[in-house]
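Student: Could you look at this predicted model? Sequence included:
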Amino acid sequence: MEVTIKVFRYNPEKDKKPSYKTYKLEAVETDRVLDLLEKVKGYQDGTLSFRRSCAHGICGSDSMRINGMNRLACKTLVRDVGTKITVEPILGLKVIKDLIVDMEPFFDNYKKVMPWLVNNDPEPEKERYQSPERRLLFDDTTKCILCACCTTSCPSFWGTDGYLGPAAFVSAHRFIFDDRDQAAGERLKIVNEVLGVSRCHTVYNCTLACPREIQIVEGDDRGDSDEAQRVAERLVAEGVVAVVGSYNSDATKSAAPVYDQAGTVQITPSSTATSTAFPALVFRNPPTSPCQYPLERPRESAPSVTLP
């Protein structure tokens with residue numbers, strides 16, 4: 001079959017603005033988008049630039065927007081996207097050339113959550129043992145390959161690359177729930193800062209984009225106290241170990257005892273009740289009511305204005 005692939009092209013050394021270039025080539029439905037890009041580079045246009053490494057969905061280096069959705073080129077088949085394919089760089093990061101972006105802001109945010117095991121106890125003779133049950137608590141988040149598909153599909157990250165983003169939260173989760181680690185409290189403080197989980201608006205683009213199918217479970221309490229308790233009971237029964245929500249104080253106070261009894265961490269982005277109203281595993285992002293941070297501090301030397 002003939003496939004038409006339209007590719008984003010930009011070389012900042014000579015191009016004033018980005019453009020798209022279209023290529024036609026023969027393919028079969030089981031060809032991957034990465035295969036098509038390799039054919040273009042090898043036989044039609046050697047100037048095309050993109051990242052790739054293992055080509056088996058493990059290294060995460062070939063993340064890009066394919067027909068408007070973040071995917072790994074090595075895991076995306078022609079039969080899944082059709083014969084007209086548009087390939088662009090992932091959003092929110094500076095384009096270095098064509099499909100290659102500057103990943104440094106992404107990895108800077110990743111490093112902020114301390115993605116390594118912290119244990120100051122004397123080293124054991126063999127290893128630090130862990131039960132299968134404890135390992136299961138963070139099994140899903142060990143799958144992350146740092147491809148940035150999740151973070152760069154997030155509108156909050158598009159707004160500011162200082163936002164920690166889903167990949168950093170996943171990494172924090174992986175170590176917070178590792179009982180061999182001793183820095184859970186420090187990581188919880190990090191993700192609870194201004195550019196942490198409070199900037200998550202539960203769009204769930206991250207879940208849709210993740211090539212490793214790391215799942216975020218949704219529960220809508222509608223801001224109602226009774227519903228918040230029911231949602232909390234369901235999420236705990238499903239084995240959820242960390243929750244972002246609720247979004248008002250009454251719903252949070254209603255759900256908090258359920259999460260606390262189950263040992264589930266609860267981070268509430270907008271509950272303003274005093275901290276004494278919540279159990280120890282509830283982390284609040286906003287200041288205590290009735291005090292609120294001003295949106296903008298007044299300038300110390302504001303210019304004088306004469307009104308007519």
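Tutor: Looks like it came in fine.
Student: So which residues of the stretch 201-308 of the chain form helices?
Tutor: Along the stretch 201-308 of the chain, the segments classed as helices by DSSP state H, counting those that start in this stretch run 205-209, 225-237, 249-262.
Student: could you say what helices and strands the longest one packs with?
Tutor: Judged by 3 or more C-beta pairs under 8 Å, 6 or more residues apart in numbering; DSSP states H and E, helix 249-262 is in contact with helix 225-237, strand 265-268, strand 282-284. For glycine as for every other residue, the C-beta is placed from the backbone atoms N, C-alpha and C.
Student: Most tightly packed of those?
Tutor: Of all those, strand 265-268 has the most neighbours on average by mean count of other C-beta atoms under 10 Å, namely a mean of 23.
Student: mind checking which of the helices of the stretch 201-308 of the chain is nearest residue 9?
Tutor: Smallest distance to residue 9 across the helices of the stretch 201-308 of the chain (C-beta to C-beta): 23.3 Å, for helix 205-209.
Student: pLDDT of the closest one, averaged?
Tutor: Taken as a whole, helix 205-209 has an average pLDDT of 93.
Student: got the buried residues for that helix?
Tutor: The neighbour-count check on helix 205-209 (16 or more other C-beta atoms under 10 Å) flags 205, 206, 207, 209 as buried.
Student: on that earlier part again, with mean pLDDT added, can I get the helices and strands packed on helix 249-262 in a markdown table?
Tutor: Shown next, in a markdown table, are the helices and strands packed on helix 249-262 (pLDDT from 0 to 100):
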| stretch | mean pLDDT |
| --- | --- |
| helix 225-237 | 92 |
| strand 265-268 | 83 |
| strand 282-284 | 79 |
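Student: out of the ones you listed, which comes closest to residue 62?
Tutor: When the helices and strands packed on helix 249-262 are compared by C-beta to C-beta, strand 265-268 sits nearest residue 62, at 32.7 Å.
Student: Okay, now the sheet partners of that closest one, with direction.
Tutor: If you go by DSSP bridges, strand 265-268 pairs up with strand 242-244 (parallel), strand 282-284 (parallel).
Student: about what we covered before: of all the helices of the stretch 201-308 of the chain, which one is nearest residue 116?
Tutor: Of the helices of the stretch 201-308 of the chain, nearest to residue 116 by C-beta to C-beta is helix 205-209, at 22.7 Å.
Student: just how off-centre is that closest one within its chain?
Tutor: On the basis of C-alpha atoms, centre = their mean, to the nearest Å, helix 205-209 sits 8 Å off its chain's mean C-alpha point.
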